[in-house]
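Enquirer: Based on what follows, work out the 3D shape:
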Amino acid sequence: MIKDYESMIILKPQYTQDEAVKQNDSVVAVITDNGGELIKTDTWGKRQLAYPIEKQTEGYYFINYFRADSESLKAIQRLYNISESVLRFIIIDRSGK
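Expert: Numbers count the residues shown, from 1 in each chain. Reported below is the predicted structural model:
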């Protein structure tokens, strides 16, 4: 069953803006390669964190809105968990069901 999702990721601040965008593009590629459909991406850029995460006080924020099935979602979560560039992530089901 295909649902709408919202995914926020925070990437490590050591990257340049272009490198951070490329890291987010790799996440989008996993979504589309697994049959998902990207709706839009909001790039918030580098921001101060509310509290230190892994001794970092800043991070690059990206919000991806997409449609996917549960198998695609598992692949995306796996990528987030193994990626060294991701400080934090959250995926929210926006379909309301």
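
Enquirer: what about residue 13, which SS state?
Expert: coil (DSSP: H, G, I helix; E, B strand; the rest coil).

Enquirer: count of residues packed around the residue lying closest to it once chain neighbours are set aside?
Expert: Once flanking residues are discounted, residue 13 sits nearest to residue 58: 4.1 Å by Cβ to Cβ, 6 or more residues apart in numbering. For glycine as for every other residue, the C-beta is placed from the backbone atoms N, C-alpha and C. Neighbour count for residue 58, taken as other Cβ atoms under 10 Å: 16.

Enquirer: Show me what residue 58 is bridged to.
Expert: Per DSSP bridges, the residues bridged to residue 58 are residue 48.

Enquirer: Contact partners for it?
Expert: Going by Cβ atoms under 8 Å, 6 or more residues apart in numbering, residue 58 touches 13, 46, 47, 48, 49.

Enquirer: what about the worst-scoring helix or strand of the chain on mean pLDDT, distance to the chain center?
Expert: Ranking every helix and strand in the chain by mean pLDDT, DSSP states H and E puts helix 70-82 at the bottom, with a mean of 87. How far helix 70-82 lies from its chain's middle: 10 Å, per Cα atoms, centre = their mean, to the nearest Å.

Enquirer: got a list of contacts for the helix or strand following that helix?
Expert: Going down the chain from helix 70-82, the next helix or strand is strand 86-93, by DSSP states H and E. Strand 86-93 is touched from outside by 3-12, 49, 53-54, 56, 59, 73, 76-77, 80, with contacts defined as Cβ under 8 Å, 6+ apart.

Enquirer: picking up where we left off before, next one: the residue nearest to residue 13 from residue 41, what distance?
Expert: Distance of residue 58 to residue 41, computed by Cβ to Cβ, to the nearest Å: 20 Å.

Enquirer: Same question for residue 71.
Expert: Applying Cβ to Cβ to residue 71 and residue 41 gives a distance of 22 Å.

Enquirer: who has more neighbours, these two?
Expert: More crowded of residue 71 and residue 41, by other Cβ under 10 Å: residue 41, with 16 against 11.

Enquirer: Show the model's pLDDT score for the more buried one.
Expert: With respect to pLDDT, residue 41 has a value of 96.
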